[in-house]
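S.K.: kindly return the folded structure for what I paste below:
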Amino acid sequence: MGIFIIFISLSIYFIGTKFIQTPEIIALIVLLTALVLLVISFFITNSFERLAEANRLKSEFISIASHQLRTPISNFKWTLELLFSGKLGKFSPKQLEYLRILKDNSERMIETLKDLLIVTKLETASLPFKREYFSLDELTKEVIEQFKNLALAYNVEIETNFQKNLPKIFSSREQIKLVIENLLENAILYTKGKGKVLIKIETKDKMVYFEIRDNGIGIPKEDQKFIFQKFFRASNVLKYQTRGTGLGLFISKKIIQRSGGKIGFQSEENKGSKFWFSIPIK
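M.R.: Here you go, the predicted model:
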């Protein structure tokens, strides 16, 4: 703002010397202009400071609340696990049904808290980003194995097409794993009936390119511009699947950007989606 005020003041001075003969009037105009700009800059700066403070307090509140809720919810989950184990006695089928509902909801709450903590750390740049060389195809195989039972439950077949002798990438292995988990979980959950998910990895322009395709419900065209925003979920999602926080894709985009890469997608409603990201080799 200071540079801007100086530039405007000098511009008015030089313009004024061409049209106004009295130096005092020119000086008065320059001083008045500078004063007005100073007042405006004060209000703008003050507004930004209040906005930054509000954002800091919001992030701090989310972080504290998430940490405080994490322990009691985890204890609640382990108590349910103990009840399911049968060590405290047997339950009727109806009681077990209610316990399963409680267990599912506790897991959803834990998942939401975990995502909120990650978002807070990403926004405050406090999430550790330990870079190392690793194989993206090996990491992807590990994630596929992790989601094998979920894919089986949803009757989804996972196919892979990995280029041979892929170079290693230099990034945070744990955070890239989180991106792959988010993309694969979405592909499985939003593929209905007997579906198929195809994962392809190859090199493109000194980048390692990851692509995941599904033949699921797709994303409505009017929703696509919001897809990487926090807490956003497409309008057709609730018809099929209520699980999710609307944070997975936001987190994934932040992580890929921190890795120096790019992320994007293509989708058509009722036909499926393709999500992709690329990471520099070095």
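
S.K.: just the strands in the stretch 101-250 of the chain please.
M.R.: For the stretch 101-250 of the chain, applying DSSP state E, counting those that start in this stretch gives strands covering 131-134, 156-162, 169-172, 195-204, 207-214.

S.K.: mind giving me the domain split of this protein?
M.R.: Structural domains annotated on the chain: 1-127, 132-280, as defined by automatic domain parsing.

S.K.: okay, the strands of the stretch 101-250 of the chain in CSV with mean neighbour count and mean pLDDT next?
M.R.: Any C-beta I mention is one placed from the backbone N, CA and C, and that applies to glycine too. Formatted as CSV, the strands of the stretch 101-250 of the chain follow (neighbours: other CB atoms under 10 Å; pLDDT from 0 to 100):
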stretch, mean neighbour count, mean pLDDT
strand 131-134, 13, 90
strand 156-162, 15, 94
strand 169-172, 21, 91
strand 195-204, 18, 93
strand 207-214, 22, 94
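
S.K.: will you turn those strands into CSV that also has distance to residue 10?
M.R.: CSV is the format used below for the strands of the stretch 101-250 of the chain (distance: least, CB to CB, whole Å):
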stretch, distance to residue 10
strand 131-134, 46
strand 156-162, 61
strand 169-172, 47
strand 195-204, 49
strand 207-214, 46
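
S.K.: out of the ones you listed, which is closest to residue 99?
M.R.: Among the strands of the stretch 101-250 of the chain, the nearest to residue 99 by CB to CB is strand 156-162 (27.5 Å).

S.K.: output the closest one as CSV, restricted to C-alpha atoms.
M.R.: Once non-C-alpha atoms are left out, strand 156-162 reads as follows in CSV (Å, rounded to 0.1, in the frame of the first residue of the first chain):
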residue,chain,number,x,y,z
VAL,A,156,-16.2,-53.6,-7.4
GLU,A,157,-13.3,-55.0,-9.4
ILE,A,158,-10.0,-53.2,-9.2
GLU,A,159,-7.7,-53.4,-12.2
THR,A,160,-4.2,-51.9,-12.6
ASN,A,161,-2.1,-50.8,-15.6
PHE,A,162,1.3,-49.8,-14.3
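
S.K.: that one to strand 207-214, inter-axis angle?
M.R.: Counting by axes from the mean of the first three to the mean of the last three CA atoms, to 10 degrees, strand 156-162 lies at 160 degrees to strand 207-214.

S.K.: contacts for strand 156-162?
M.R.: The contact list for strand 156-162 (CB atoms under 8 Å, 6 or more residues apart in numbering) reads 137, 140-141, 144, 147-148, 151, 184, 187-188, 191, 194-202.

S.K.: what about it, distance to the chain center?
M.R.: Centroid displacement of strand 156-162 relative to its chain, using CA atoms, centre = their mean, to the nearest Å, is 24 Å.

S.K.: and it, which strands flank it?
M.R.: With DSSP bridges as the test, strand 156-162 is paired with strand 195-204 (parallel).

S.K.: got the contact list for the partner strand?
M.R.: So strand 195-204 is contacted by 136-137, 140, 144, 151, 154-163, 166-167, 184, 187-188, 191, 208-216, 278, 281 (CB under 8 Å, 6+ apart).

S.K.: ok, now how distant is residue 104 from residue 130?
M.R.: 33 Å (CB to CB, to the nearest Å).

S.K.: who has more neighbours, the two?
M.R.: Neighbours were counted for residue 104 and for residue 130 using other CB atoms under 10 Å; residue 104 has more, 12 against 9.

S.K.: what pLDDT does the more buried one get?
M.R.: For residue 104, the model assigns a pLDDT of 78.

S.K.: could you measure it against residue 98, distance?
M.R.: 11 Å.

S.K.: same check on residue 180?
M.R.: The gap separating residue 180 from residue 98 is 35 Å, by CB to CB.

S.K.: dump the C-alpha coordinates for stretch 187-202 into PDB.
M.R.: C-alpha atoms of stretch 187-202 as PDB (Å, rounded to 0.1, in the frame of the first residue of the first chain):
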ATOM      1  CA  ALA A 187     -14.100 -44.600  -6.600                       C
ATOM      2  CA  ILE A 188     -15.400 -47.700  -4.700                       C
ATOM      3  CA  LEU A 189     -18.100 -46.000  -2.700                       C
ATOM      4  CA  TYR A 190     -19.600 -44.300  -5.700                       C
ATOM      5  CA  THR A 191     -19.600 -47.200  -8.000                       C
ATOM      6  CA  LYS A 192     -22.900 -49.000  -7.900                       C
ATOM      7  CA  GLY A 193     -23.800 -52.600  -8.900                       C
ATOM      8  CA  LYS A 194     -21.100 -54.600 -10.500                       C
ATOM      9  CA  GLY A 195     -18.500 -51.900 -11.100                       C
ATOM     10  CA  LYS A 196     -14.900 -51.500 -12.200                       C
ATOM     11  CA  VAL A 197     -12.100 -49.300 -11.100                       C
ATOM     12  CA  LEU A 198      -9.000 -48.900 -13.200                       C
ATOM     13  CA  ILE A 199      -5.800 -47.400 -11.900                       C
ATOM     14  CA  LYS A 200      -3.100 -46.400 -14.300                       C
ATOM     15  CA  ILE A 201       0.400 -45.100 -13.500                       C
ATOM     16  CA  GLU A 202       2.900 -43.900 -16.200                       C
END
